[in-house]
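Undergrad: This is the structure alone, sequence omitted:
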């Protein structure tokens, strides 16, 4: 009876340890994706502001140009936000994990 109970408790402990490690990994990925998003957005906004406010581009788009571009500053803000969120949460983590997945499956294929 004691042996079965110990085995049961150790298997539950092992399962909980695996779940805890997985949660920590997923939390770390989410945290670093958010930090990456903030860095991307900061860099993009600074670069676009530099370009937008140079050579009277701001004045040309808002006052002189009649080509139908309404609210260019709002469009820039929304586009940068969408691009940075997509890069930080979808594309970059996949690109970082891909070499390890390829190496793992190459190793497993080589073993068989």
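TA: Right, received. Where do you want to start? Since the structure is predicted, the reported quantities are computational estimates derived from the model, not experimental observations.
Undergrad: Can you show me the helices along the chain?
TA: If you assign secondary structure with DSSP state H, the helices in the chain sit at 2-52, 57-59, 72-86, 92-111.
Undergrad: would you list those in JSON lines and tack on mean neighbour count and mean pLDDT?
TA: From N, CA and C alone the C-beta is placed, and that goes for glycine too. Putting these into JSON lines (neighbours: other CB atoms under 10 Å; pLDDT from 0 to 100) gives the following:
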{"stretch": "helix 2-52", "mean neighbour count": "11", "mean pLDDT": "87"}
{"stretch": "helix 57-59", "mean neighbour count": "13", "mean pLDDT": "78"}
{"stretch": "helix 72-86", "mean neighbour count": "14", "mean pLDDT": "90"}
{"stretch": "helix 92-111", "mean neighbour count": "10", "mean pLDDT": "91"}
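Undergrad: State the distance from residue 60 to residue 52.
TA: In this structure, residue 60 and residue 52 are separated by 10 Å, where distance is defined by CB to CB, to the nearest Å.
Undergrad: Also residue 19?
TA: When CB to CB is applied, the distance between residue 19 and residue 52 equals 48 Å.
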